[in-house]
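Chemist: Sequence unavailable; structure follows:
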Ligand SMILES: NC(=O)c1ccc[n+]([C@@H]2O[C@H](COP(=O)([O-])OP(=O)(O)OC[C@H]3O[C@@H](n4cnc5c(N)ncnc54)[C@H](O)[C@@H]3O)[C@@H](O)[C@H]2O)c1
Ligand SMILES: [Zn+2]
């Protein structure tokens, strides 16, 4: 079997790391286009501009409209070409980073991910999730090149609403259970090749850091403070989960997430929140023993993560709703097939059982 491992060229994380943007880019760029939505520009705009100017990198700041859509990507690509920028800096959440990656693919130059929340695996990956202008999922775009630099300012991450940080933890927990299931099933990573031992170990390290530091890190972020636990969990959510999902492969938890997006009622929940319900259902699908599943549910509750369908907006789902979710979960292109040979009925029953276990634990809480 051919195995592969790919990653960004550099990852830099720490308090006030934003102020190093210019120095880190100066060896490779004379001008940079910084893309961020209005709220994020308020947070990073002046400092990014000053850092670039100090390093003699000509900055252009442009407001991103908030949706990773083809029309927005085309508009921003035009600006990148006009300014002749030889680096694209995406700042914000997953959508801003995915947009910047697409602009870099079109216009060329270096790509810098500057995540301002630790909410998803978007900063390190070589793909974008593309939506319509109305926000409906359309497709994935895959690129040959990873970002050249991922620059994470932990003080900014810790200053953002804690819900993003919690969601990132849920997404990162899934990384371990999915990579481990893929390895046991001899499945594939995102590059259609075998996962390396490195990918498996990094996914495990990701989970261990979350278990060791998750509770205190969430509390610290609720206070807007940066501690070593916040550093550890930011690294797990961003670097380790990012490397883990692409190189280790994903499985049922993310397919169940995609299934849940079929229900309008779940749209208010974040990516990570829906993934968490998917993780618990995956563990049931695997036939894990009661103590094991309970332990993951308890940990989720301690972090303030959803453990039932109701908690991701789906209260009292009909038979029909459950069937729709399960059917979408086992859709032909879904990653569940990477590790499971599961039918619609098996997924539906796992979801019902996971929901019941979550509700019982919550009631005992
Ligand atoms: N490419 C990938 O590998 C990958 C992986 C997972 C998810 N995704 C995509 O990522 C997107 C979800 O990303 P998300 O959950 O980060 O949300 P998002 O990008 O939709 O939005 C984040 C929101 O947080 C705000 N924000 C950002 N930083 C902030 C800060 N410091 N303080 C206050 N507010 C701040 C932004 O203004 C924005 O409104 C989806 O489109 C999903 O498909 C991509
Ligand atoms: Zn995810």
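Modeler: Cool, got the structure. None of the values given here were measured: they were computed from a predicted structure. Ligands and ions are numbered 1, 2, ... in the order given.
Chemist: switch to C-alpha atoms for all contacts and neighbour counts from now on
Modeler: Will do.
Chemist: which secondary structure elements does the strand or helix carrying residue 198 contact?
Modeler: In the assignment (DSSP states H and E), residue 198 maps to helix 197-222. Judged by 3 or more Cα pairs under 8 Å, 6 or more residues apart in numbering; DSSP states H and E, the packing partners of helix 197-222 are helix 154-159, helix 162-184, helix 228-235, helix 241-248, helix 290-303.
Chemist: right, quick check: it against ligand 1, any contact?
Modeler: No - judged by Cα under 6 Å from any ligand atom, helix 197-222 and ligand 1 are separated, with a smallest distance of 11.5 Å.
Chemist: So which bits of that helix are buried?
Modeler: Buried residues in helix 197-222, counted by 16 or more other Cα atoms under 10 Å: 199-210, 213-218, 220-222.
Chemist: Go through the helices and strands packed on helix 197-222 and pick out the most buried.
Modeler: When you average the neighbours per residue for each of those (mean count of other Cα atoms under 10 Å), helix 241-248 leads with a mean of 30.
Chemist: Give me the next element, helix or strand, following that helix.
Modeler: That would be, after helix 241-248 and using DSSP H and E, helix 252-260.
Chemist: Packing partners of that next one?
Modeler: Looks like helix 252-260 contacts helix 162-184, helix 271-285, helix 319-329 (3+ Cα pairs under 8 Å, 6+ apart).
Chemist: end to end, how far does stretch 238-255 reach?
Modeler: In stretch 238-255, first residue to last residue: 21 Å (Cα to Cα, to the nearest Å).
Chemist: now that stretch, how far from the centre of its chain.
Modeler: Offset of stretch 238-255 from its chain centre (Cα atoms, centre = their mean, to the nearest Å): 9 Å.
Chemist: can that stretch be found next to ligand 1?
Modeler: No - counting by Cα under 6 Å from any ligand atom, no contacts exist between stretch 238-255 and ligand 1, the nearest distance being 7.4 Å.
Chemist: I'd like the helices and strands packed on helix 197-222 as CSV, with distance to residue 145 and mean pLDDT appended.
Modeler: Formatted as CSV, those follow (distance: least, Cα to Cα, whole Å; pLDDT from 0 to 100):
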stretch, distance to residue 145, mean pLDDT
helix 154-159, 25, 98
helix 162-184, 22, 98
helix 228-235, 21, 98
helix 241-248, 13, 98
helix 290-303, 35, 97
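Chemist: Out of these, which is closest to residue 326?
Modeler: helix 162-184 (17.8 Å; Cα to Cα).
Chemist: Strand partners (parallel or antiparallel) of the following helix or strand past the closest one?
Modeler: For helix 162-184, the following helix or strand on the C-terminal side (DSSP H and E) is strand 194-195. Paired with strand 194-195 in the same sheet, following DSSP bridges, are strand 3-4 (parallel).
Chemist: got a list of what the residue in the chain sticking out farthest from the centre touches?
Modeler: Relative to the centre of the chain, the most outlying C-alpha is that of residue 56, 32.7 Å out, by Cα atoms, centre = their mean. Each residue near residue 56 by Cα atoms under 8 Å, 6 or more residues apart in numbering is listed here: 22, 26, 30.
Chemist: Let's verify it: helix, strand, or coil?
Modeler: coil (DSSP: H, G, I helix; E, B strand; the rest coil).
Chemist: distance of it from residue 28?
Modeler: In terms of Cα to Cα, residue 56 sits 12 Å off from residue 28.
Chemist: follow-up on the earlier one: pLDDT at the residue farthest from the centre of the chain, what is it?
Modeler: Residue 56 carries a pLDDT value of 98.
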